[in-house]
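**Student:** need coordinates for the following:
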Amino acid sequence: MTVPEEVLRSYSLSPQAAISGAGGTRNANFCVRSGDRRVFLRRRHPDYCDEGWLRFDHEALRHLTREDAPVNLPLTCSRGYTWLRHGDHTYEAYPWVSGNPFPGTSRALRSLAEGLSAFHRAGASYPGRYAKGGYRRGEMAPERLIRNLADSKGVSGEGDELAGAYLAQVRIGASRLSDAAYESLPATLVHGDVQPGNAIFDDRLLALVDVDWMSIQPVIYDLAYALILFCSRRSSPIDGADIWSLTAPFEFEEKTARAFLSAYLSLGEAFPQAMRPALMEQVRLTWAHIRIDGARKVPATDRPRFLGRDPTGPFEWIEERRTGDWF
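**Tutor:** Have a look, this model is predicted:
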């Protein structure tokens, strides 16, 4: 693993530091050991390096820290900024948080729900705004998903047919949860990518990290992610750094989902009945996003196989429970 010496020195790290990979599906992440010091260093994906984007993320993290939300603050480099431009790349550094992946226990799940609730309550008073990628609804914006499906077409007849199946699901979600309906929901600062690779635990949640898609959205944005990626059953544990693992077929566990939502709501306001179907349509759009954007991270020739892994099962579960009565 290679990191420029100037970058290391800017964060008071030795050029002889031990550097190893630290996962990630878009950013290049490194663990840097320099003497007794350990730092998490990120080379941000070019799409996430606009100064307004960086400033929004770092100011929001400072706000959340003041409000005791479970996040990690970026370190300041020798130039006085919390990010560093070097050549064509942009770097950030964070204190290393020693912990483990999600252990799958009820205690850890409750801690995640409570931590996410604290994040949302703290974010309600944050005044900043930044439309990441130019989309008000973030990565789940239906028009964005429809555009990105173009990258999954033209591979083969099978690829086109699969892309059409996901397109139908996006259109259903967009129709039932229109822009007007979505934007009428109370909004706060959301994490934007609540998945096991971005949550650090001991037996409880220590920190939510990787806030590249943090923005002002309704809370259903994060809750949909959590239901899919923490409240479901798969053939093997999720590896947050492996796009095939992160997007693997799954089955929802209703008991686990109810426990998670109950813990989340125990520290905040009640979840209005009218928001339940909105959450389920957001789950539909989120799963479509996970598969559609995931397909863009694999070689084009692999996309039919990628999209073809149980393309209907989760959507059928959502359709059967789309009113939210199972809560």
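
**Student:** residue closest to the middle of the protein?
**Tutor:** Closest to where the C-alpha atoms of the chain average out (Cα atoms, centre = their mean) is residue 193, at 1.0 Å.

**Student:** and that one, what's its pLDDT?
**Tutor:** Note for residue 193: predicted pLDDT of 95.

**Student:** contact partners for it?
**Tutor:** 210, 211, 212, 213, 225 (Cβ atoms under 8 Å, 6 or more residues apart in numbering). (Glycine included, C-beta is placed from N, CA and C.)

**Student:** save the residues you listed as CSV, and put in neighbour count and secondary structure too.
**Tutor:** Shown next, in CSV, are those (neighbours: other Cβ atoms under 10 Å; DSSP: H, G, I helix; E, B strand; the rest coil):
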residue, neighbour count, secondary structure
210, 23, coil
211, 23, coil
212, 21, coil
213, 21, coil
225, 26, helix
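
**Student:** take those residues and write them to TSV, including pLDDT.
**Tutor:** Converted to TSV, those look like this (pLDDT from 0 to 100):
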residue	pLDDT
210	94
211	95
212	94
213	95
225	97
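
**Student:** other SSEs contacting the helix or strand of the chain with the lowest mean pLDDT?
**Tutor:** Across the helices and strands of the chain, mean pLDDT, DSSP states H and E gives its lowest value to helix 157-176, namely a mean of 86. For helix 157-176, the elements it packs on are helix 142-148, helix 275-295, helix 303-307, judged by 3 or more Cβ pairs under 8 Å, 6 or more residues apart in numbering; DSSP states H and E.

**Student:** roughly how far does residue 276 sit from residue 327?
**Tutor:** 6 Å (Cβ to Cβ, to the nearest Å).

**Student:** just the helices in the protein please.
**Tutor:** For the chain, helices defined by DSSP state H occupy the ranges 5-10, 51-66, 106-123, 142-148, 157-176, 179-183, 220-230, 243-246, 254-265, 275-295, 303-307, 313-320.

**Student:** give the buried residues for the shortest one.
**Tutor:** By neighbour count, and taking 16 or more other Cβ atoms under 10 Å as the criterion, the buried residues in helix 243-246 are 243, 245, 246.

**Student:** for the last one, same thing?
**Tutor:** Using 16+ other Cβ under 10 Å as the burial criterion, the residues of helix 313-320 that qualify are 314, 315, 317, 318.

**Student:** for the fifth one, same thing?
**Tutor:** Neighbour-count burial for helix 157-176, counted by 16+ other Cβ under 10 Å, picks out 159, 162, 163, 166, 167, 169, 170, 172, 173, 174.

**Student:** kindly report the same for the second one.
**Tutor:** Of the residues in helix 51-66, those buried by neighbour count under the rule 16+ other Cβ under 10 Å are 53, 54, 56, 57, 58, 60, 61, 63, 64.

**Student:** what does the third one give?
**Tutor:** Applying a neighbour-count criterion of 16+ other Cβ under 10 Å, one finds 108-123 buried in helix 106-123.

**Student:** next one: the first one
**Tutor:** Residues of helix 5-10 classed as buried by neighbour count (16+ other Cβ under 10 Å): 7, 8, 10.

**Student:** can you list contacts of stretch 235-244?
**Tutor:** Outside of stretch 235-244, the residues within contact range by Cβ under 8 Å, 6+ apart are 23-25, 101-102, 104, 195-198, 229, 245-246, 248-249, 294, 297-298, 306.
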